[in-house]
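# here is the input, now give the coordinates:
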Amino acid sequence: MSTSGLFRFPAPLSRVCMVPWGLRLCAKLELLSPGTTVTPVQAAGKKDHPALLSLDESELEEQFVKGHGPGGQATNKTSNCVVLRHIPSGIVVKCHQTRSVDQNRKLARRILQEKVDVFYNGENSPVYKEKREAEKRKQERKKRAKETLEKKKLLKEQWESSKNVPR
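Numbering: from 1, shown residues only. Got it, this is the predicted structure:
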């Protein structure tokens, strides 16, 4: 991934500087826009969990099987579906999200890493905490929507009753 995808610039760049490959990342940042601060941010929609347990390649068993689902012959006849098994825990992950074997391997490892972390750390896992927070937010949204609907019904009933009262 290029450095431009990892950084957000507070002000729009008016020019792009070509930086020699020998310079370190800090030197590149100084050259890009002097006087402004550059902060590293996550790529859009991607979450980084550095605290997750690392996977040892010797503990993984990897297979490539034929794909499934929509896509016809392109997916059903190629072996680009990755089945990854973590031998100590017995967790199995099957990934066929893309047509590329390399991308499926990376995705399967990321998914397996999250599942293994939840398996060993339980409620202390950042993935588990994130899921719980998402569930709480969803419940709050449902609760607010239900309250709003009840208010609308009550208002409509009051309006109807005020309309029917003779003067």
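# all helices of this structure, in order?
3-6, 25-32, 73-76, 101-121, 126-164 (DSSP state H).
# could those be laid out in JSON lines, adding mean neighbour count?
Heads up, the C-betas are built off the backbone N, CA and C, glycines and all. Output for the helices of the chain, formatted as JSON lines (neighbours: other CB atoms under 10 Å):
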{"stretch": "helix 3-6", "mean neighbour count": "12"}
{"stretch": "helix 25-32", "mean neighbour count": "14"}
{"stretch": "helix 73-76", "mean neighbour count": "12"}
{"stretch": "helix 101-121", "mean neighbour count": "17"}
{"stretch": "helix 126-164", "mean neighbour count": "10"}
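# ok, now which ones touch Arg105?
Residues touching Arg105, when contacts are defined by CB atoms under 8 Å, 6 or more residues apart in numbering, comprise 62, 82, 84, 95.
# quick one on the thing from earlier: out of the helices of the chain, which is closest to Ser54?
Using CB to CB as the measure, helix 101-121 is the one of the helices of the chain that comes nearest Ser54, at 7.6 Å.
# among the contacts of Arg105, pick out the one closest to Phe119, please.
Among those, and counting by CB to CB, the member closest to Phe119 is Leu84, at 14.0 Å.
# so that closest one makes contact with Val92?
Yes. Shown here, Leu84 and Val92 form a contact pair, counting by CB atoms under 8 Å, at 7.3 Å.
# who has more neighbours, these two?
More crowded of Leu84 and Val92, by other CB atoms under 10 Å: Leu84, with 21 against 13.
# in stretch 76-86, what's buried?
For stretch 76-86, a neighbour-count test (16 or more other CB atoms under 10 Å) marks 80-86 as buried.
# swap in stretch 60-72?
So for stretch 60-72, counting by 16+ other CB under 10 Å, buried means Gly67.
# in the protein, where is pLDDT below threshold?
Applying pLDDT under 70 to the chain flags residues 1-51, 167.
# repeat that for 80
For the chain, residues meeting the criterion pLDDT under 80 lie at 1-54, 68-76, 164-167.
# distance check, Lys153 against Val82.
51 Å (CB to CB, to the nearest Å).
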